[in-house]
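**Q** Below: sequence and its predicted model.
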Amino acid sequence: MTQALKSATTLGALVVLLVLAAIWGWSSLTEPLPKLAAAPPCTETAVKAGNTVTTDEVTVSVLNAGKRAGLAGRTMDELLAQGFHEGTSANAPSGTDVGYAQIWTDDIESPAVALLKSHLQRSKVVDGVDLTELGTVGVVLVVGDRFDAVGDGAQEVQATTDTTICSPAS
């Protein structure tokens, strides 16, 4: 094999390696980044009777049962300004009839419910609603067309019984 043929073969092999490396590099560069695991919006936290629960430990979801667009989102913004943690904001299930505001819960003794109710003077607490199919987390506030605003309320309450609340995931 002549020197010129050896040089041409070496150069050809290097060009092939360069093209393969460029293709591999480009595909690696343009590949989407791996997805991060979604953090849960809240975790169930045990609360003993006599312990204090504050607004920043309570996750609230808001459902709009009225015809006013954006009511759930505006209400959530007001709750966040009062120190509550954000759950979900969405429309209430079709056929939900709420004039002012209702707090839906499976535990009417919950300090999270008492704390939220202190900010909603005319609200009604409704027990026994199946919350599993709503796609919500935490305490559920359902607002209707006559709901006007979240009021100033307590920043903390004392638990009267042993219970669990949905607190922000850390």
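**A** Perfect, thanks for sending it.

**Q** Where is the longest helix in this protein?
**A** helix 3-30 (DSSP state H).

**Q** Please compute how far that one lies from its chain's middle.
**A** Counting by Cα atoms, centre = their mean, to the nearest Å, helix 3-30 is centred 50 Å from the centre of its parent chain.

**Q** Please apply the same query to stretch 127-142.
**A** That offset, for stretch 127-142, works out to 14 Å (Cα atoms, centre = their mean).

**Q** could you pull out the helices for the protein?
**A** Under DSSP H, the chain gives helices at 3-30, 71-81, 111-117.

**Q** Tell me the helices and strands packed up against the last one.
**A** Okay, so that is helix 111-117. strand 52-54, strand 101-105, strand 139-143, strand 156-158, strand 163-168 (3 or more Cβ pairs under 8 Å, 6 or more residues apart in numbering; DSSP states H and E). (Each C-beta comes from the backbone N, C-alpha and C, glycine too.)

**Q** what bits of this protein have low per-residue confidence?
**A** 37-40, 170 (pLDDT under 70).

**Q** Count the neighbours of residue 108 for me.
**A** By other Cβ atoms under 10 Å, 13 other residues sit near residue 108.

**Q** Give the buried residues for stretch 82-91.
**A** For stretch 82-91, the neighbour count (16 or more other Cβ atoms under 10 Å) marks 82, 84, 85, 86, 87, 88, 89 as buried.

**Q** which residues does the fourth one contact?
**A** So that's residue 86. 41, 59, 60, 76, 79, 80 (Cβ atoms under 8 Å, 6 or more residues apart in numbering).

**Q** Residue 137 contacts residue 87, doesn't it?
**A** Yes: between residue 137 and residue 87 a contact is recorded at 4.4 Å, counting by Cβ atoms under 8 Å.

**Q** any residues in contact with both of these two?
**A** 41, 42, 59, 61, 166.

**Q** and residue 62, what are its bridge partners?
**A** residue 89, residue 141 (DSSP bridges).
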